[in-house]
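1. What shape does this take:
(4 chains)
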2 protein chains.
Amino acid sequence: MAAPEGLFVLEGRPTAQLIADQLREQIVQGAFRPGQQINESAVAGQFRTSRGPLREALQRLCQEGLLVSHRNRGVFVTELSTADVKEIYAVREAVELAASTTLMDAGQDLIRDTCRVLKDIIRDMAKHVAVSDWQAIARLDMQFHTSFVAGTGNTRLIRIYETLAAETRMCILSLEVAYPRLDVLVQEHQNLLDLLEAEDRKGLQQAVKRHLQKAVEDLTVTRQDNGISA
Amino acid sequence: MAAPEGLFVLEGRPTAQLIADQLREQIVQGAFRPGQQINESAVAGQFRTSRGPLREALQRLCQEGLLVSHRNRGVFVTELSTADVKEIYAVREAVELAASTTLMDAGQDLIRDTCRVLKDIIRDMAKHVAVSDWQAIARLDMQFHTSFVAGTGNTRLIRIYETLAAETRMCILSLEVAYPRLDVLVQEHQNLLDLLEAEDRKGLQQAVKRHLQKAVEDLTVTRQDNGISA
DNA sequence: ACATCGCCTATTGTTGACAATCTACACTCT
DNA sequence: AGAGTGTAGATTGTCAACAATAGGCGATGT
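-> The predicted structure is shown next:
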């Protein structure tokens, strides 16, 4: 049962998915400006492939909400408004609260394993905070939350959250806002970890709500309006 | 501000999305058997189009989880196991509970509007129950829940739930289980509606949990094991 | 009789070319 | 001068042909 069927299918994943993964990473890192059009030929060339596979990858990213497609005009990098930020964080709250409940009901073993992973992420985060590496901090921030949700083992919940994580990273790009309160960032995540380890159900849920609500405030106050996503 | 830019872009939506929508409907209605391979050329011909646009549509449905893709072998209709059913319903619970909270916080107007929509759906449902039209009942069942979530106005939450709705309808197909307890079905939904209208926060959340938990039991007891989704 | 090897067909993955559409710019007319 | 129109360029949408891979089937040898 160690490797029932996945014993090295060498690049067994579909090409479009591989391209989508790489392109997604480029987008959330700001390689394309919000609102910018994606030139199919140019990007296809960049990936050393043809327009066919690339267009398939674009479909995926459109569905994830990172890109928007206008018929006969092409696909563009999504511009996120403050309304979008609120939506995204509302869904994140829903997913994380559900994950909290599931984890608490799942038993100590799952919680222990999850805590171990989260602990390492916080350690990395502290290191990058020391040198103010924003890009890495944003990545680790979302990795923390994604790992938290991943602890449930619910593949669908994880998929949903990964999409939300990508959108969240776009928020930071789109709204051109830096991480405020660098020092409390590590502290807040440590607090979440502690509450999980202590199996403090109510406390964890409250902490998650506050953590996300604060983030929304940080993202919305800096720029009160940033266009309408319609 | 009535129609700033969307004043009739006649079929403004991308082709791949249109094909995906139609194909999704066919799949959830059982036009393809679970595990069956989708022949690209054949289906493309059916839609009077080429393989290119069809493949783009397939990418979407793969990401939604209705299809699974194996490199160099093609895409197949997903076979859902009981583990998948539990996952799907866990996420549904998370979304619906979040929707409940949002609606309750949103104020009476939103609740009133939502209730009106739900009332009509229940009426339709009762009609189709009278003649035992399973296909229509399944559709209306999911339409009820989707409309409930739609009441929040959170487009991302709605998108997520629409995907879950499609997967749920596949559960019924994949597990080849009929709706049990036809009579209580209308009654349960009416109960949810009443609790929403009464703004009984706690009561609604409890009712949602029970409603979904019952559904899981109905879907899992009939067939205790139905393959492994890996 | 069974296992193994090699071919063969069907289907997917990819590519390049062609057609349709939109945007931008220059030109003309009032 | 300003508004409207026509044209040109670029980009997307679509298609059909080519290449590559996987699984099935029969032949062959032990």
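
2. Can the host helix or strand of A:A42 be said to contact chain B?
-> Following DSSP states H and E, one finds A:A42 within helix A:40-46. No: shown here: helix A:40-46 not in contact with chain B (CB under 8 Å from any CB of the partner chain), separated by at least 12.1 Å. Placement of C-beta: from N, CA and C, glycine included.

3. who does that helix touch, helix- and strand-wise?
-> Counting contacts by 3 or more CB pairs under 8 Å, 6 or more residues apart in numbering or on different chains; DSSP states H and E, helix A:40-46 is packed against helix A:51-64.

4. Sort out which residues of the helix or strand following the helix it packs on are buried, please.
-> Under the assignment DSSP H and E, the closest C-terminal helix or strand after helix A:51-64 is strand A:67-70. By neighbour count on 16 or more other CB atoms under 10 Å in any protein chain shown, the buried set for strand A:67-70 is A:L67, A:V68, A:S69.

5. The last one reaches A:T78, doesn't it?
-> Right, the one you point to is A:S69. No: A:S69 is beyond contact range of A:T78, at 10.5 Å (criterion: CB atoms under 8 Å).

6. Return the backbone torsion pair for A:P34.
-> phi -60, psi 130 (degrees, to the nearest 10).

7. From DNA strand C, how far off is it?
-> 17 Å (CB to the nearest atom of the strand, to the nearest Å).

8. residue contacts, that residue?
-> A:V77, A:T78, A:E79, A:L80, A:M170, A:L173, A:S174 (CB atoms under 8 Å, 6 or more residues apart in numbering or on different chains).

9. for A:A20, same thing?
-> A:A57, A:L58, A:R60, A:L61.

10. between the host helix or strand of it and helix B:51-64, what angle do the directions make?
-> A:A20 is part of helix A:15-28, with elements assigned from DSSP H and E. Orientation of helix A:15-28 against helix B:51-64 (axes from the mean of the first three to the mean of the last three CA atoms, to 10 degrees) gives an angle of 70 degrees.

11. Can helix A:15-28 be said to contact DNA strand C?
-> Yes: using CB under 7 Å from any atom of the strand, helix A:15-28 reaches DNA strand C at A:T15, A:A16.

12. which element follows that helix toward the C-terminus?
-> Assigned by DSSP H and E, the successor of helix A:15-28 is strand A:37-38.

13. Can you tell me how far A:T82 is from A:A215?
-> Distance of A:T82 to A:A215, given as CB to CB, to the nearest Å: 13 Å.

14. before we move on, what about A:Q190?
-> For A:Q190, the distance to A:A215 - CB to CB - is 16 Å.

15. Helices of chain A, start to end?
-> A:15-28, A:40-46, A:51-64, A:82-106, A:108-130, A:134-150, A:155-174, A:182-197, A:201-221 (DSSP state H).

16. which intervals of chain A have sub-threshold pLDDT?
-> A:1-11, A:178, A:180, A:222-230 (pLDDT under 70).
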